[in-house]
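Visitor: take this sequence and fold it.
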Amino acid sequence: MNSNASINVLYIDDETHNLNSFKAGFRRMFNVFTAESAIEGRKVLETELIHVIITDQRMPVTTGIEFLESIIPDFPDPIRILLTGYSDINAVIDAINKGQVYKYIAKPWMAEDLRINIEKAYEIYSLRKENRELTEKLLVVNQQLEFLFRQSLLS
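Guide: Numbering: from 1, shown residues only. Here you go, the predicted model:
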């Protein structure tokens, strides 16, 4: 991928040093937005077009999975990545089933691997968007063809 600067990434973590480390490591590659809580994360989603969401699992008040599950009705498009320092099989299962998580990545992250996963997540985001647009165009063309077919039958 040549220009990643147009990829908007939201990283949510209650640990400020993780947010700072993420921003320092990826700010030149992506448009990075950070939030220290699920509430702050939702505020960012309400004001910015976010392509990829990365959230820590273990946070006070709301877990990463609970946050991801809660935003699906209002923000279904961003691709979701769960990042955690704990390996809990139930969290993995819930992440996939409830939070519609694309990737489950363990802390500490390897910068190159995380970069690649963000780029792949953005590719999925772009392909889904393109697919929706093509489907909408196909429906319009189909309606036009049906109209023309009816007109020719009536003539």
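Visitor: quick one: the helices in this structure?
Guide: Using DSSP state H, the helices of the chain run over residues 16-26, 38-47, 64-71, 89-97, 111-154.
Visitor: could you count how many residues lie near the closest residue to Glu66 other than its chain neighbours?
Guide: What sits nearest to Glu66 in space, not counting adjacent residues and going by Cβ to Cβ, 6 or more residues apart in numbering, is Ala38, at 7.3 Å. Bear in mind the C-beta positions are built from the backbone N, C-alpha and C, glycine included. When neighbours are defined as other Cβ atoms under 10 Å, Ala38 has 22 of them.
Visitor: ok, Ala38 to Thr63 distance?
Guide: Using Cβ to Cβ, to the nearest Å, one gets 8 Å for the distance from Ala38 to Thr63.
Visitor: could you do Lys103 as well?
Guide: According to Cβ to Cβ, Lys103 and Thr63 sit 17 Å apart.
Visitor: of these two, who's got more company?
Guide: Taking other Cβ under 10 Å, Lys103 and Thr63 do not tie; Thr63 has more neighbours (21 against 18).
Visitor: quick check: the more buried one vs Asp77, distance?
Guide: Applying Cβ to Cβ to Thr63 and Asp77 gives a distance of 22 Å.
Visitor: also Arg58?
Guide: 26 Å.
Visitor: go on, Glu48?
Guide: 13 Å.
Visitor: find residues that contact each of those two.
Guide: Common contact partners of Glu48 and Asp77 (Cβ atoms under 8 Å, 6 or more residues apart in numbering): none.
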